[in-house]
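**Q** show me the folded form of this:
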Amino acid sequence: MSSFEFKDTLKNSVDIVRVIGDYIRLQKLGGSARYRGLCPFHNEKTPSFYVHADRQFFKCFGCAKGGDVFSFVMEIEGLGFFEAMKLLAEKNGIAMPAPKPDFDPASRKKVSLQDLHEIAAKHFREVLYSDAGEPARAYLKQRGLGQKLAEEFCLGFSDSTGGLTRVFQRQGVEEALLEESGLCLRRNEGNGFFDRFRNRLMFPIWNESGKVIAFGGRTLGEDQPKYLNSPETPIYRKSHVLYNLHHAREGARKSGRMVLVEGYMDVIGVHAAGVKEVVASCGTALTSQQVRSIKRHADRVVVNFDPDNAGANATERSIQILLEESLQIRVCSLPGGLDPDAYVKTNGAEAYLKELERSPGYFHWLAERARSRFDMRSAEGRMEAFRFLLPAIQKLPDKLERLAVVNDMASYLRVEPGEMLDQFRKSAGDRSMPKAIEVKPDRHLPDLERVLIRLILHHPDVVSGYCDTILGLEGLAALKSHKILEAALQMLEADGSLDFPALQSKLSEADANLLAALFSSDTEDVERTHDDPAAQLRACLEKLAHDSRELQRKEMRQQVREAELRGDIGEAMRLMELERKLERTRR
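**A** Prediction:
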């Protein structure tokens, strides 16, 4: 089977709603086959992203992205076509034919790098439970982390003997690929490579699809740094990846929240407490790309960083980024100066869950931080505290909410509300919120054309026998949607079926958006096309034929007037006779 044949087989075997539903929350629209959700590709508060189960395509009217299941996976995972196809095949247990030697080199490299990371993860796990892994097992026991939990997170150990490099060399891995994987380093003197990670407890880092794409390693000796992470590679971009997201997303959907912690062990400790919706950034400050990944699965975030000064500073920075994506934020500050993992082990899961539930809103946390930083006994200090809080207020998307918060903060900081409002208004001119590209499909389409297009989309079997008739109508070119109709009917006539993404690709952007808008609409005439599609089609054809004759008659009358003005009486008489024949036909 060729790759193109396999593509069609795979596309017909997977459900685009289920695939996209793994990445974002979708809401079914009534009894239709349409679903709606917040677009994962741009920031929005009102859903403009639609998925269509029966036609297996998606479309966003906020950023204009759209396509089939392959397009979605390629866009959201940053994959090439072959990688997306491989990922979907593996997820659905469908055997994929071996690629041809000349398929996309970039995709081939990424697939090879993923394979190397899977081999590395397996090797590290085997070493952890071998004699060489005794120091790592002792460390896990000391931290109260049992074998079941270690296996759930696929923890491993890299010894100091360079075993992974030898594994790769025995398998004949090319040197260039070894170096690009980030798992092995070239020796400065002499030939060959050595392991990047040595004498470290290994934490696999997965992408959202559950593929190992990098590692974090904690030293078990005196080596620095304490935590060493994989470098960026063609399959790993630190700023886009959240540790444990592939495990956390289901729990986040159920609870409506995500818990954000700092480290790998914190994730594992909180997970062990029964909070499955927990993630961490991968050795980097929180980024807007990571926040958008959170937003796809939950509206609420509880930030639970370490209680030291560095953790408080990181919390402060994270709040600003989370606010930009309009998330609801709470901050959990654990008592006793303990990080999440230590708190769970010291006080138990139930105590930790209670702390999460009573976490205050971010403004109370920020206000307390402002009060500890500035002299609240002086008016100047109180205004400095307000100016410290101002960026967070400005990022609130709702104007009324911003004004309400200003008043609350005035009361909390004991500052005159008028002074705070003046300060706020002065800075309001600098406030700018990113705006999504607005795509506004023209919905002012005659009812006849709407119904006809929907019949073609929803009942192609009924329309297929009338393609020639409709395409042959003289008035077709005068219809507002004639390019959509022509492309759809020609595809239906040639292939006997409609491929929605392929149809959209044949249209201009405006027509493609109009077509998707019609397919996404919830108006009653969508449902009426399902009552008796054959009768609906006959009514459309009769109306189209009538309109076509009327158009001809008007054109002839105009031609008669022009002939009379020229003094060409013979031509005028001939045209009038043709008009009478047309009138008799109409009756």
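**Q** show me what contacts residue 462?
**A** The contact partners of residue 462, by CB atoms under 8 Å, 6 or more residues apart in numbering, come to 455, 533, 534, 537. (Each C-beta comes from the backbone N, C-alpha and C, glycine too.)
**Q** now with 6 Å?
**A** Applying CB atoms under 6 Å, 6 or more residues apart in numbering, we find residue 462 in contact with 533, 534, 537.
**Q** next, format these as CSV and append pLDDT.
**A** Formatted as CSV, these follow (pLDDT from 0 to 100):
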residue, pLDDT
533, 81
534, 85
537, 86
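**Q** report the buried members of the residues you listed.
**A** Of the members of those, the ones counted as buried by neighbours, 16 or more other CB atoms under 10 Å, are 533, 537.
**Q** which of the contacts of residue 462 fall within helices?
**A** Members of the contacts of residue 462 lying in helices (criterion: DSSP state H): 533, 534, 537.
**Q** which stretches of the stretch 451-587 of the chain form helices?
**A** 460-463, 467-471, 482-495, 500-505, 509-520, 524-528, 533-566, 569-586 (DSSP state H, counting those that start in this stretch).
**Q** tilt between the third one and helix 509-520?
**A** If I follow you right, that is helix 482-495. Interaxial angle of helix 482-495 relative to helix 509-520 (axes from the mean of the first three to the mean of the last three CA atoms, to 10 degrees): 70 degrees.
**Q** mind listing what's buried in helix 482-495?
**A** 483, 484, 485, 486, 487, 488, 489, 491, 492, 493.
**Q** can you pull the contacts of residue 476?
**A** Here residue 476 is in contact with residue 482 (CB under 6 Å, 6+ apart).
**Q** redo that, cut-off 10 Å
**A** 470, 482, 485, 486, 489, 544, 548 (CB atoms under 10 Å, 6 or more residues apart in numbering).
**Q** the fourth one and residue 470 touch, don't they?
**A** Yes: applying CB atoms under 10 Å, one finds residue 486 in contact with residue 470, separated by 9.1 Å.
**Q** please parse this structure into its domains.
**A** 3-91, 105-236, 240-359, 365-428, 447-586 (automatic domain parsing).
**Q** now render the ones in helices among the contacts of residue 462 as CSV, adding distance to residue 106.
**A** Below are those laid out as CSV (distance: CB to CB, whole Å):
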residue, distance to residue 106
533, 46
534, 50
537, 47
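**Q** of those residues, which is the nearest to residue 326?
**A** Minimum distance to residue 326 across the ones in helices among the contacts of residue 462 is 42.2 Å, recorded for residue 533 (CB to CB).
**Q** state the distance from the residue nearest to that closest one when sequence neighbours are not counted to residue 486.
**A** Using CB to CB, 6 or more residues apart in numbering and skipping residues adjacent in sequence, the residue nearest residue 533 is residue 459, 4.1 Å away. Residue 459 sits 18 Å away from residue 486, taking CB to CB, to the nearest Å as the criterion.
**Q** how about residue 233?
**A** Taking CB to CB, one finds residue 233 at 47 Å from residue 486.
**Q** now residue 248
**A** 48 Å.
**Q** can I get the strand or helix carrying residue 384 as PDB, trimmed to CA atoms?
**A** Taking DSSP states H and E as the criterion, residue 384 maps to helix 379-394. What follows is helix 379-394, C-alpha atoms only, in PDB (Å, rounded to 0.1, in the frame of the first residue of the first chain):
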ATOM      1  CA  ALA A 379       0.900  57.500  51.300                       C
ATOM      2  CA  GLU A 380       3.900  57.300  48.900                       C
ATOM      3  CA  GLY A 381       4.500  53.700  49.900                       C
ATOM      4  CA  ARG A 382       0.800  52.800  49.400                       C
ATOM      5  CA  MET A 383       0.900  54.400  45.900                       C
ATOM      6  CA  GLU A 384       4.100  52.400  45.100                       C
ATOM      7  CA  ALA A 385       2.200  49.300  46.100                       C
ATOM      8  CA  PHE A 386      -0.600  50.200  43.800                       C
ATOM      9  CA  ARG A 387       1.800  50.800  40.900                       C
ATOM     10  CA  PHE A 388       3.300  47.400  41.600                       C
ATOM     11  CA  LEU A 389      -0.200  45.800  41.200                       C
ATOM     12  CA  LEU A 390      -1.100  47.900  38.200                       C
ATOM     13  CA  PRO A 391       0.300  45.600  35.400                       C
ATOM     14  CA  ALA A 392      -1.800  42.700  36.700                       C
ATOM     15  CA  ILE A 393      -5.000  44.900  36.800                       C
ATOM     16  CA  GLN A 394      -4.300  46.100  33.200                       C
END
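**Q** which positions within it qualify as buried?
**A** 381, 382, 383, 384, 385, 386, 388, 389, 390, 392, 393, 394.
**Q** so what does that helix touch, helix or strand wise?
**A** helix 309-324, helix 362-373, helix 399-413, helix 417-428 (3 or more CB pairs under 10 Å, 6 or more residues apart in numbering; DSSP states H and E).
**Q** format these as TSV; extra columns: distance to residue 150 and mean pLDDT.
**A** Compiled in TSV, these are given as follows (distance: least, CB to CB, whole Å; pLDDT from 0 to 100):
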stretch	distance to residue 150	mean pLDDT
helix 309-324	25	91
helix 362-373	34	87
helix 399-413	45	76
helix 417-428	50	68
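**Q** re earlier: tell me the most buried of the helices of the stretch 451-587 of the chain?
**A** Ranked by mean neighbour count under mean count of other CB atoms under 10 Å, the helices of the stretch 451-587 of the chain are led by helix 509-520, which reaches a mean of 20.
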